[in-house]
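Asks: I would like to see how this sequence folds:
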Amino acid sequence: MSERPVTILCLASYFKGTRFLQAASEIGCHVILLTREKLKDEPWPMDSVSERFLMPTLSKEPDISNAVSYLARERVIDRIVPLDDYDVMTAAGLREHLRLPGPGQSVGRHYRDKLAMRVRAQQAGVRVPAFTGVFNYGQVHAFMQQVPAPWVLKPRMEAGAMGIKLIHHADELWSWLSELGDAQSHFLLEQYIPGRVYHVDSLLWNHDVIFAAAHKYGRPPMNVAHEGGVFITYTLPNESDEAQELLHMNRQVMAALGLEYGASHTEFIRGEDGQLYFLETAARVGGASIDELVEAATGLNLWAEWARLEQAHARGVAYQLPPIRNEYAGLLVCLARQEWPDYGAFDAPEVVWRLHKKHHAGLIVASGDPGRVQTLLHDYGQRFAGTFLAVAPPLDKAPE
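Replies: All right, here's what the predicted structure looks like:
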């Protein structure tokens, strides 16, 4: 008698994770895609999707629990996977409701709630910027007395740089809190630390980091989001002191936050004091085509390996990493004035990937020589700014 396929329910509030769907199908999983009605015409890889269901939103309770429980009447759902940051807590709640393996709501909070992840990391001895929750006004006032401005007011559950406000004096903060009203407890106040920002993209198995790649942003993502510009990030040499320090702190963070298996994207900053600080993390594959960047440098696709991790965990078998290359890659992405940018002038043989998305420009260069990657990023970054770059005001929250 043949073994039943592993059934994976994928939640997608936004169009992403197509490589996960394809990889899960390729290894024999029964793939159920639950997404929003407004995304039904996106180019989902329907050949890889066994069943697709649509809802107005995936975050409204009890609607989502009732809908998934209804599906479970005739399907044995083995795993639930959030393809977007906004689906992490929804997936955690559904796992709790259906008593399925994977991160529950407490661990999910560590990878979604910016306050929860800071509290837990600090308790474990990981260096973080000074912060406070926005609950007790006496504590908020004391924080501002002890920590010099500027500060950043951050929404706890938004993704990336959305909704972040740079605060220069106390009156400005109280004005924002007044405007937020009852929503203010969903924010945290944090010391603003200027510096170089990094990200480490990882795979975990049995609570161990089994793969990790360290990268440095050209400019901090918050600056790009608020001021405009070309988003640049590139691979750091694994043997460098810089990368080794990042990889060590990333292991500390993962050990503290409790993810058993899956993918993570974690950001760090080196302050002007020379110290490395943990900024935030997510239990997902990094956005902005970072998955393509990692694959160009290492040969490993994070989405595909996440699918393999899910199947291995459901089967109760060991997971084995594929062979890893040790090369270098750099990514450039920006909003574009042109509907479909022409990359004809960006024709170096090291260009291995080009972004094809309306009003966006992006490419990846890869080489065994990190110096060549840096030369191309410097040249192409300047030329992207002159040829393509468009600037839009920053979003306070993700578009509906």
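Asks: Can you list the low-confidence ranges for the stretch 251-400 of the chain?
Replies: 394-400 (pLDDT under 70).
Asks: let's see 90
Replies: Scanning the stretch 251-400 of the chain for pLDDT under 90 picks out 288, 391-400.
Asks: can you give me the strands for it?
Replies: Using DSSP state E, counting those that start in this stretch, the strands of the stretch 251-400 of the chain run over 262-271, 276-282, 328-335, 351-354, 360-367.
Asks: Tell me which of the ones you listed sits nearest to residue 149.
Replies: strand 262-271 (15.6 Å; C-beta to C-beta). No exception for glycine: its C-beta is placed from N, CA and C like everyone else's.
Asks: Can you give me the buried ones in that closest one?
Replies: 262, 263, 264, 265, 266, 267, 268, 269, 270 (16 or more other C-beta atoms under 10 Å).
Asks: Now do it against strand 276-282: the angle between them, please.
Replies: If you take axes from the mean of the first three to the mean of the last three C-alpha atoms, to 10 degrees, strand 262-271 sits at 150 degrees to strand 276-282.
Asks: list the buried ones in stretch 35-53?
Replies: 35, 36, 44, 48, 49, 50, 52.
Asks: Now it - C-alpha only, CSV.
Replies: Output in CSV follows, covering the C-alpha atoms of stretch 35-53 (Å, rounded to 0.1, in the frame of the first residue of the first chain):
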residue,chain,number,x,y,z
THR,A,35,-5.3,33.0,-0.7
ARG,A,36,-7.4,36.1,-1.0
GLU,A,37,-10.0,36.6,-3.7
LYS,A,38,-8.3,39.7,-5.1
LEU,A,39,-5.2,37.6,-5.8
LYS,A,40,-7.0,34.9,-7.9
ASP,A,41,-5.6,36.2,-11.2
GLU,A,42,-2.0,36.4,-10.1
PRO,A,43,0.3,34.0,-12.0
TRP,A,44,0.2,31.2,-9.4
PRO,A,45,1.9,28.0,-10.6
MET,A,46,-1.5,26.2,-10.8
ASP,A,47,0.2,23.1,-12.3
SER,A,48,1.8,22.7,-8.8
VAL,A,49,-1.3,23.5,-6.8
SER,A,50,-3.6,20.5,-6.0
GLU,A,51,-6.4,22.6,-4.7
ARG,A,52,-7.0,26.4,-4.4
PHE,A,53,-9.5,28.2,-2.2
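Asks: Please list the residues outside it that contact it.
Replies: Residues from elsewhere that reach stretch 35-53 (C-beta atoms under 8 Å, 6 or more residues apart in numbering): 11-15, 18, 21-22, 24-26, 30-34, 54-58, 67, 71.
Asks: Repeat that for stretch 377-394.
Replies: 161-162, 218, 225-226, 228-230, 232, 234, 330, 332, 334-338, 341, 345-346, 359, 361, 363, 365.
Asks: Please spell out the ChimeraX selection for the buried subset of the contacts of stretch 35-53.
Replies: For the buried members of those, the matching ChimeraX selection, counting by 16+ other C-beta under 10 Å, is:
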select :11,12,13,14,15,18,21,22,24,25,30,31,32,33,34,55,58,67
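Asks: Return the list of helices and strands in contact with the helix or strand where residue 180 lies.
Replies: Using DSSP states H and E, residue 180 sits in helix 170-180. On a contact count with 3 or more C-beta pairs under 8 Å, 6 or more residues apart in numbering; DSSP states H and E, helix 170-180 meets helix 137-146, strand 151-155, strand 165-167.
Asks: shaky segments in the stretch 101-250 of the chain?
Replies: For the stretch 101-250 of the chain, the ranges with pLDDT under 90 are 158-164, 219-229, 238.
Asks: could you pull out the strands for it?
Replies: Under DSSP E, counting those that start in this stretch, the stretch 101-250 of the chain gives strands at 131-133, 151-155, 165-167, 187-191, 195-205, 208-217, 231-235.
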